[in-house]
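Enquirer: quick one, what's the 3D model for this:
(chains A and B)
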Amino acid sequence: AQSVTQPDIHITVSEGASLELRCNYSYGATPYLFWYVQSPGQGLQLLLKYFSGDTLVQGIKGFEAEFKRSQSSFNLRKPSVHWSDAAEYFCAVGLLTGANNLFFGTGTRLTVIP
Amino acid sequence: EPEVTQTPSHQVTQMGQEVILRCVPISNHLYFYWYRQILGQKVEFLVSFYNNEISEKSEIFDDQFSVERPDGSNFTLKIRSTKLEDSAMYFCASSVGGGGANIQYFGAGTRLSVL
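Expert: Just a heads-up that it's a prediction; the model follows:
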């Protein structure tokens, strides 16, 4: 079945530590891939996207993500987390043909401790 | 920076009542969407709207739901007779174009609580 999976519901990291949030997808062809972040009281903000080309993509706020076709993964990383990164992170896919809508994972809530 | 605006931020209603959730998409965008997120679950697509008509809808979007673009700026979601299970966060989004590669810009959401 088609799906987007974020296996980690909640992650806690110390400020300054590195971060990796996992995302796996299951679709017939490689979809368009997105990471969104939602801070409290805010809308979903696009962090980065992958359509094609270089498999390591850079986003805003110092985030990057790596597409690995063999693993059907698009994991989000940041080398050094800041307290302001505490938020909910959503992986999403857009299909190559047909639907206009995005398909989301369940989200990962990130807590940052001093 | 242009943004999608949603009002109200929180709506409380009694079961069986009608609610209208409002959104102002980004002004030069042509595609509009509604998604919802029930607490603890995935963000789910409800409907997309283009050229003054529904372009796609999910199985969640049944006859109780309707969308409208009543003027040049607003995009509304109406739930005709709310049920307890309609309690969720509702997100509006807009994009310049359609298709999976178009970046969708989201509002902050309206939290609907049905009592």
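Enquirer: could you use CA atoms for every contact and neighbour count after this?
Expert: OK.
Enquirer: tell me the contacts of the residue nearest to A:Ile9 when sequence neighbours are not counted?
Expert: Of all residues not flanking A:Ile9 in the chain, A:Thr108 sits nearest, at 4.6 Å (CA to CA, 6 or more residues apart in numbering or on different chains). A:Thr108 makes contact with A:Gln6, A:Asp8, A:Ile9, A:His10, A:Ile11, A:Leu21, A:Glu88, A:Tyr89, A:Phe90 under the criterion CA atoms under 8 Å, 6 or more residues apart in numbering or on different chains.
Enquirer: could you grab the helix/strand/coil label for the closest residue to chain A within chain B?
Expert: Here the residue of chain B nearest chain A is B:Ala108; by CA to the nearest CA that distance is 3.3 Å. Under DSSP: H, G, I helix; E, B strand; the rest coil, B:Ala108 falls in the coil class.
Enquirer: from B:Pro25, how far out is it?
Expert: Counting by CA to CA, to the nearest Å, the gap from B:Ala108 to B:Pro25 is 12 Å.
Enquirer: briefly note if the helix or strand that contains B:Ile20 comes near chain A.
Expert: B:Ile20 is located in strand B:19-24, with elements delineated by DSSP states H and E. No - applying CA under 8 Å from any CA of the partner chain, one finds strand B:19-24 out of contact with chain A, separated by at least 12.3 Å.
Enquirer: specify the beta-bridge partners of the residue nearest the centre of chain B.
Expert: Per CA atoms, centre = their mean, the C-alpha nearest to the average position across chain B is that of B:Trp34, at 3.0 Å. According to DSSP bridges, the residues that bridge with B:Trp34 are B:Val47, B:Cys92.
Enquirer: so it makes contact with B:Gln104?
Expert: No - contact between B:Trp34 and B:Gln104 fails when scored by CA atoms under 8 Å: they sit 11.0 Å apart.
Enquirer: B:Cys92 and B:Cys23 touch, don't they?
Expert: Yes - using CA under 8 Å, B:Cys92 makes contact with B:Cys23 at a distance of 6.3 Å.
Enquirer: give me the more crowded residue out of these two.
Expert: Taking neighbours as other CA atoms under 10 Å in any protein chain shown, B:Cys92 and B:Cys23 compare with B:Cys92 leading, 32 against 27.
Enquirer: distance of the more buried one relative to A:Leu44?
Expert: Taken as CA to CA, the span from B:Cys92 to A:Leu44 is 10 Å.
Enquirer: near chain B, which residues of chain A?
Expert: So chain A meets chain B at A:31-32, A:41-46, A:51, A:93-107 (CA under 8 Å from any CA).
Enquirer: related to what we said a few turns ago, give me the more crowded residue out of B:Ala108 and B:Pro25.
Expert: The neighbour comparison of B:Ala108 against B:Pro25 (other CA under 10 Å) goes to B:Pro25, with 27 against 24.
Enquirer: go ahead and confirm the more buried one touches B:Tyr33.
Expert: No - B:Pro25 is beyond contact range of B:Tyr33, at 9.3 Å (criterion: CA under 8 Å).
Enquirer: overlap in contacts, the two.
Expert: What both B:Pro25 and B:Tyr33 touch, as defined by CA under 8 Å, 6+ apart, is the set B:Cys92, B:Ala93, B:Ser94.
Enquirer: how far is the strand holding B:Ile20 from where the chain is centred?
Expert: 7 Å (CA atoms, centre = their mean, to the nearest Å).
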